[in-house]
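In: would you be able to build a 3D model of this:
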Amino acid sequence: MSTETPSHQARYRQSMGQLLMLYTQVDRLIMEICAQRLAEAPDEEAELSLAKQVGDESRHVSIQRQWMREFGTRPAPVITAEQERLIREHFQSLPWIDFLADLYICVEALGSEAVERIVPLADPGTRESLRVPLTDEIDHVAFGVSRLKQELAGLSETEHKVFLERLPARIEALADAFHGFGFSVRDMFEAVGADYDRLCRLLEERQKELIAELSFVGRPPQPVRVVTGVSA
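Out: The predicted structure follows:
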């Protein structure tokens, strides 16, 4: 028998509904961002992976919209149309290596980590609605990290080091922009039972793990310089 008060249940439904809408909007944005990038993919492997992700994100949006109808979520968007435009323009302007970092490290890897942390707190229907999207995101992150490592391998050691040193600031800048959109992520997470401060610490640890993984990349072998001479 549930011991939750009606007011607590109402607060949970309102906040979980907002989180579901936010998650759906982000998935749709990722779908649009990847579709925009297809024509600029550097090779066929990247093109095929982006095309697959467009299909995956489309499926996620469909799954989430179906569940939100059953859940009774108020359909008002959390991110405004103007904010969505700014997000699309940001990603559209990025060089490939920065696109990989912002989308797959900042948004996909850390974003999916945050969502995974609230899954155990969610109602059964919400947990099921997130199962396929979170499973697909494992592949998306693996692609993004792999391609980013490939790009980093082509940099000099100094360029590689500088890129990784600047990555936390990129993540923080995107997070600050997101939190500046006018809604309280903390309030939404805490209303569904999450310890927001602990969640932030876990995301910081995940960020460190990702940067550590990107620190070790295979570099193409350097040509051996052969010095010939005539001995006396």
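In: quick one: contacts for residue 141?
Out: 104, 108, 109, 112 (C-beta atoms under 8 Å, 6 or more residues apart in numbering). (C-beta placed from N, C-alpha, C; glycine too.)
In: now the third one. Nearest residue, chain neighbours left out?
Out: With sequence-adjacent residues excluded and distances taken as C-beta to C-beta, 6 or more residues apart in numbering, residue 109 is closest to residue 141, at 4.7 Å.
In: OK, contacts around the nearest residue to residue 24 once chain neighbours are set aside?
Out: Nearest residue to residue 24 in three dimensions, chain neighbours excluded: residue 64, at 4.1 Å (C-beta to C-beta, 6+ apart). The neighbours of residue 64, taking C-beta under 8 Å, 6+ apart as the test, are 20, 23, 24, 27, 129, 133.
In: which ones among those residues are found in helices?
Out: Of those, the ones assigned to helices by DSSP state H are 20, 23, 24, 27, 129, 133.
In: which of those count as buried?
Out: 20, 23, 24, 27, 129, 133 (16 or more other C-beta atoms under 10 Å).
In: touching, the fourth one and residue 62? I think so.
Out: No - in this structure, residue 27 is not within contact of residue 62 by C-beta atoms under 8 Å, at 9.8 Å.
In: how about residue 121: what's its closest non-neighbour residue?
Out: residue 193 (4.3 Å).
In: poorly predicted segments of this structure, please.
Out: 1-6, 75, 218-232 (pLDDT under 70).
In: residues touching residue 193, list them.
Out: Neighbour list for residue 193: 12, 118, 121 [criterion: C-beta under 8 Å, 6+ apart].
In: what helix or strand does it sit in?
Out: Using DSSP states H and E, residue 193 is not contained in any helix or strand.
In: and it, backbone torsions?
Out: Per-residue torsions, residue 193: phi 100, psi 10 (degrees, to the nearest 10).
In: mind checking how far it is from residue 60?
Out: 23 Å (C-beta to C-beta, to the nearest Å).
In: any idea how far residue 51 is from residue 45?
Out: In terms of C-beta to C-beta, residue 45 sits 11 Å off from residue 51.
In: same question for residue 161.
Out: Where residue 51 is concerned, residue 161 sits at a distance of 33 Å (C-beta to C-beta).
In: now do residue 167
Out: 27 Å.
In: okay, the two: which has more neighbours?
Out: residue 167 (19 against 14; other C-beta atoms under 10 Å).
In: residue contacts, residue 51?
Out: Contacts of residue 51 by C-beta under 8 Å, 6+ apart are 34, 38.
In: and the helices in this structure, which stretches?
Out: Counting by DSSP H, the helices of the chain are 6-37, 44-71, 81-92, 96-100, 110-118, 124-153, 157-179, 185-191, 196-215.
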